[in-house]
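In: Sequence and predicted structure are below.
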Amino acid sequence: MTQLAATIADPPSTTIEIPIAWGEMDALGHVNNVVYFRYFEIARIDFLRKAGCSQLKAADGVGFILQAMESRFRVPLVFPDTIVMGTKLVAIEADRFTLAHSIRSKTHGQTQGVAAVGRGKIVTYDYAAGRKVAIPSAIREAITRGSAFA
């Protein structure tokens, strides 16, 4: 199993269902690869929202910037379908953390497994100062606390 695939092997902390739109398909008849990164974004924002990070940003002015994103595509997705995005925290450092994502097709279910996996590195950023900063303790606690997603 590749390192990227291994990052989402365990159950995710959060899940969100996203319907595939007709307009997300390309000329080859499957969801365009660029759209997967939009799905990852939706899942990342959902994870941070469920952790309460929106309120924390308002309190201390520290937000997030996506530093890097990678994906491995396994099974083409097509309309009509709904995907289940799984997200979990897989690494945390002084000024950044990494979220892993999995995309499963509800139509294909377990028969074809995971359609894609991805991983994004997110840096904490002080927008007023215009620079990256160490993860504030309140944000660190919010994203590492498993009970935040119950």
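Out: Yep, it's here.

In: Only C-alpha atoms, please: export the biggest helix by length in the chain in PDB.
Out: Ranked by residue count under DSSP state H, the longest helix found in the chain is helix 33-51. C-alpha atoms of helix 33-51 as PDB (Å, rounded to 0.1, in the frame of the first residue of the first chain):
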ATOM      1  CA  ASN A  33      -9.700  15.100 -12.300                       C
ATOM      2  CA  VAL A  34      -9.700  18.800 -11.300                       C
ATOM      3  CA  VAL A  35     -13.100  18.300  -9.600                       C
ATOM      4  CA  TYR A  36     -11.600  15.900  -7.100                       C
ATOM      5  CA  PHE A  37      -9.600  18.700  -5.700                       C
ATOM      6  CA  ARG A  38     -12.900  20.700  -5.200                       C
ATOM      7  CA  TYR A  39     -14.300  17.600  -3.400                       C
ATOM      8  CA  PHE A  40     -11.200  17.600  -1.100                       C
ATOM      9  CA  GLU A  41     -11.700  21.300  -0.400                       C
ATOM     10  CA  ILE A  42     -15.400  20.700   0.600                       C
ATOM     11  CA  ALA A  43     -14.300  17.900   2.900                       C
ATOM     12  CA  ARG A  44     -11.400  20.000   4.400                       C
ATOM     13  CA  ILE A  45     -13.800  22.900   5.100                       C
ATOM     14  CA  ASP A  46     -16.300  20.500   6.600                       C
ATOM     15  CA  PHE A  47     -13.700  19.000   8.900                       C
ATOM     16  CA  LEU A  48     -12.500  22.400  10.100                       C
ATOM     17  CA  ARG A  49     -16.100  23.700  10.500                       C
ATOM     18  CA  LYS A  50     -17.000  20.600  12.600                       C
ATOM     19  CA  ALA A  51     -13.900  21.200  14.700                       C
END
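
In: Centre of the chain to it, how far?
Out: On the basis of C-alpha atoms, centre = their mean, to the nearest Å, helix 33-51 is displaced by 4 Å from the centre of the chain it belongs to.

In: And stretch 46-66, by the same measure?
Out: Stretch 46-66 has its C-alpha centroid displaced from the chain centroid by 14 Å (C-alpha atoms, centre = their mean).
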